[in-house]
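Asks: turn this into a model:
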Amino acid sequence: MYNIFPSFLDWIPGPHHRIFRNFQKLQAFISEEIKKHKESRQPEEPRNFIDFFLGQMEKEKQDPGSHFYEETLVMTTHNLFFGGTETTSTTIHYGLLILLKYPSVAEKIQEEIDSVVGRERPPCLQDRDHLPYTNAVIHEIQRFISVVPMGLPHVLTQDTHFRGHFLLKGTTIIPLLISAHRDPAHFKDPENFNPNNFLDDEGNFQNNEAFMPFALGKRICLGAGLARMEIFLFLTTILQRFTLHSVKRPEELDLSPKSTGLGNVSPPYELYLKVPG
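Replies: Numbering: from 1, shown residues only. All right, here's what the predicted structure looks like:
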C-alpha cells in the first residue's frame, strides 16, 4: 500500500508513524556522518564507502547525467544499514525457530560442522563451500520465509504483454519475490521447508535462478553480501557451540508469520541453548 500510495499512510493513525520517525532520525544521523566525512576526508586516502562515494560525486559534479549526489548517498547508506541489520536479524530469528521445528536438520548441520570445522576454531567464510548441507539449509530458510516478500517498484521501459495483459510503457510494477520462491517449476518441494531444494542428487549444494531474497538486477539489495556473510557466520557459530532446545514439542511449533506485508516476521517462541557434553 505504501509503495503505491506513499502519502496515504500519513493520514492514518497507527504504529507506522513511529517507524517513519525512526526512519527520519536515521536519515539525520547518516547526514551528520556524511558532513563529518566531508570535513575530514583525504581524497587520496578514502577510508570507507562514504569517502569513495564523495570522491565520485566530486569527479562527476559537472555531469548532468550523474547519479552520484548526496541524496543518493544518504539513501544508499540507509539501505546498507537496513540490509545488514533488520532483515538479517529477522532471518536468523526465524531460522532458529525452523531448526527447532526440524531438530534432525539442526543435528545434521552440527555433524557437518564437526566434520569440516571441528571445535577448535570458529567457522569462517572459507568454510562455506565445504559445508554444502549447511549452505543449502541457509538458502532454504531464506526461500521458505521470504523475509521481504515484495521487491522494489520498477517502471516498464516499453509496452509489454504479460499473461494475457497489456501493460503500457511507464507502468509501475512491484515484483512478488515470494511467488518465485514458491514456484513448482523451479523447486522440488516449494510449499514445505526442505533443504533438498538446494541439493543435487549427490548432496552437493545447487543454487537456483528463482532464489532471489535480495531481489535482482541493478536494484538488488546493496546489503546482500553483508547479510549473506552475517547469516552464515552467526548460524554456524551458534550451532557449533550449542544445541537448540524448545519448551514445546516440534509438532506444536507454528511457522506461520506473526505479521506480513513489507516483511514477514516470525511468531514469538522460547529457545534455550545447551552446551553439548
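Asks: list the buried residues in stretch 124-143.
Replies: Judged by neighbour count using 16 or more other Cβ atoms under 10 Å, the buried positions of stretch 124-143 are 127-128, 131-143. Placement of C-beta: from N, CA and C, glycine included.
Asks: among those residues, which are in strands?
Replies: Among those, no residue falls in strands (DSSP state E).
Asks: so which of those residues comes closest to residue 276?
Replies: Nearest to residue 276 out of these is residue 134 (Cβ to Cβ; 16.8 Å).
Asks: for the closest one, what are its contacts?
Replies: Counting by Cβ atoms under 8 Å, 6 or more residues apart in numbering, residue 134 touches 109, 112-113, 128, 232, 235-236.
Asks: and the host helix or strand of residue 89, C-alpha only, in CSV?
Replies: Residue 89 is part of helix 86-101 when elements are defined by DSSP states H and E. Output of helix 86-101 as CSV, limited to C-alpha atoms (Å, rounded to 0.1, in the frame of the first residue of the first chain):
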residue,chain,number,x,y,z
GLU,A,86,16.9,-5.7,10.4
THR,A,87,16.4,-8.3,7.7
THR,A,88,19.4,-10.3,8.8
SER,A,89,18.4,-10.5,12.4
THR,A,90,14.8,-11.4,11.3
THR,A,91,16.2,-14.2,9.1
ILE,A,92,18.3,-15.6,12.0
HIS,A,93,15.4,-15.3,14.4
TYR,A,94,13.1,-17.1,12.0
GLY,A,95,15.8,-19.7,11.1
LEU,A,96,16.3,-20.8,14.7
LEU,A,97,12.6,-21.4,15.0
ILE,A,98,12.6,-23.5,11.9
LEU,A,99,15.6,-25.6,13.3
LEU,A,100,13.6,-26.1,16.5
LYS,A,101,10.7,-27.4,14.3
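Asks: for it, the averaged confidence score.
Replies: Summarised as a single mean, pLDDT over helix 86-101 is 93.
Asks: which strands or helices does the least confident helix or strand in the chain by mean pLDDT pack on?
Replies: Using mean pLDDT, DSSP states H and E, helix 70-83 stands out as the lowest-scoring helix or strand of the chain, at a mean of 83. Under the contact definition 3 or more Cβ pairs under 8 Å, 6 or more residues apart in numbering; DSSP states H and E, helix 70-83 sits against helix 16-40, helix 49-59, helix 224-241.
Asks: most tightly surrounded among these?
Replies: Highest mean neighbour count among those (mean count of other Cβ atoms under 10 Å): helix 224-241, with a mean of 18.
Asks: hang on, the earlier thing: quick one: the helix holding residue 89 to helix 70-83, angle?
Replies: 20 degrees (axes from the mean of the first three to the mean of the last three Cα atoms, to 10 degrees).
Asks: buried set for helix 86-101?
Replies: For helix 86-101, by 16+ other Cβ under 10 Å, it's 87-88, 90-101.
Asks: what angle do it and helix 224-241 make?
Replies: 30 degrees.
Asks: low-scoring stretches of the stretch 51-200 of the chain, by residue?
Replies: 83-84 (pLDDT under 70).
Asks: how about 80 then?
Replies: 79-86 (pLDDT under 80).
Asks: now the helices: where do they sit in it?
Replies: Along the stretch 51-200 of the chain, the stretches classed as helices by DSSP state H, counting those that start in this stretch are 70-83, 86-101, 103-116, 132-145, 177-181.
Asks: ok, now which ones touch the nearest residue to residue 187 once chain neighbours are set aside?
Replies: Residue nearest to residue 187 in three dimensions, not counting chain neighbours: residue 197, with 4.7 Å by Cβ to Cβ, 6 or more residues apart in numbering. Counting by Cβ under 8 Å, 6+ apart, residue 197 touches 136, 139-140, 143, 187-190, 208.
Asks: if we go by neighbour counts, what in stretch 169-181 is buried?
Replies: 175, 177-178, 180-181.
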